[in-house]
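>>> Predicted structure and sequence below. I'll ask about it afterward.
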Amino acid sequence: MNNTALIFFDTEFTELGVDPRLISIGLVSEDGKHSFYAELSDTYKKTDCSDFAEEFVLPLLQGGHVLMSMGVLSERLANWLESFGRPVQLVTDSLAWDWPWITEIFEGINTWPANLDRTPFILEQSVELNNAIDLAIGRGLRRHHALDDAKANRLGYLAYQS
């Protein structure tokens, strides 16, 4: 039996260009019982955002207790991941766009959570997986909200696996 906890994650950022800035990150456990969501207060300004981010990402931001600096995010996310008490592997649907934020969040050699695998599990894109994700979004999850996208990826993966 594999003791590794799969944690689905997604990020939202300012642009798909050469200098994107992290806006938010959402994570959800494979069993759906544990989630983590944060919005960044010190990584970007509204003027850094593409038209797409302004129209589809920024209106979904919550603010309040989920708004934090990158330093606080690094500490809180490391503690959350370590709270699983067993190895953790992050699951992403976008190695090129989402995974670099994990390495940036934990870039200090001493901040990488001891139980976090340094290699992500990559969701294989397929029509079946995408249909399952679209179905999850159709049931009320918000596309381009980091936590909801992570939840949709989880539900898509579980539907595709069964």
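Arrived safely, thanks for sending.

>>> Every contact and neighbour count from this point should use C-alpha atoms.
OK.

>>> In this structure L60 contacts H145, no?
Yes - counting by C-alpha atoms under 8 Å, H145 is a contact partner of L60 at 6.3 Å.

>>> So between those two, which is more surrounded?
Using other C-alpha atoms under 10 Å as the criterion, L60 and H145 rank with H145 on top: 24 against 14.

>>> where does A38 fall, helix, sheet strand or coil?
Here A38 takes the strand state, with states given by DSSP: H, G, I helix; E, B strand; the rest coil.

>>> how about the residue lying closest to it once chain neighbours are set aside, what does it touch?
Once flanking residues are discounted, A38 sits nearest to V66: 4.8 Å by C-alpha to C-alpha, 6 or more residues apart in numbering. Applying C-alpha atoms under 8 Å, 6 or more residues apart in numbering to V66 gives the contacts 37-39.

>>> With pLDDT, neighbour count and distance to T4 as added columns, please give these in CSV.
Shown next, in CSV, are the contacts of V66 (pLDDT from 0 to 100; neighbours: other C-alpha atoms under 10 Å; distance: C-alpha to C-alpha, whole Å):
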residue, pLDDT, neighbour count, distance to T4
Y37, 98, 21, 21
A38, 98, 26, 24
E39, 98, 25, 27
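
>>> Spatially, and excluding backbone neighbours, which residue is closest to E128.
Excluding its sequence neighbours, the residue lying closest to E128 (C-alpha to C-alpha, 6+ apart) is Y160, at 6.5 Å.

>>> can you check N115 too?
Here the residue nearest N115, using C-alpha to C-alpha, 6+ apart, is P87, at 4.6 Å.

>>> State the pLDDT value of the one you found.
Model confidence at P87, expressed as pLDDT, equals 97.
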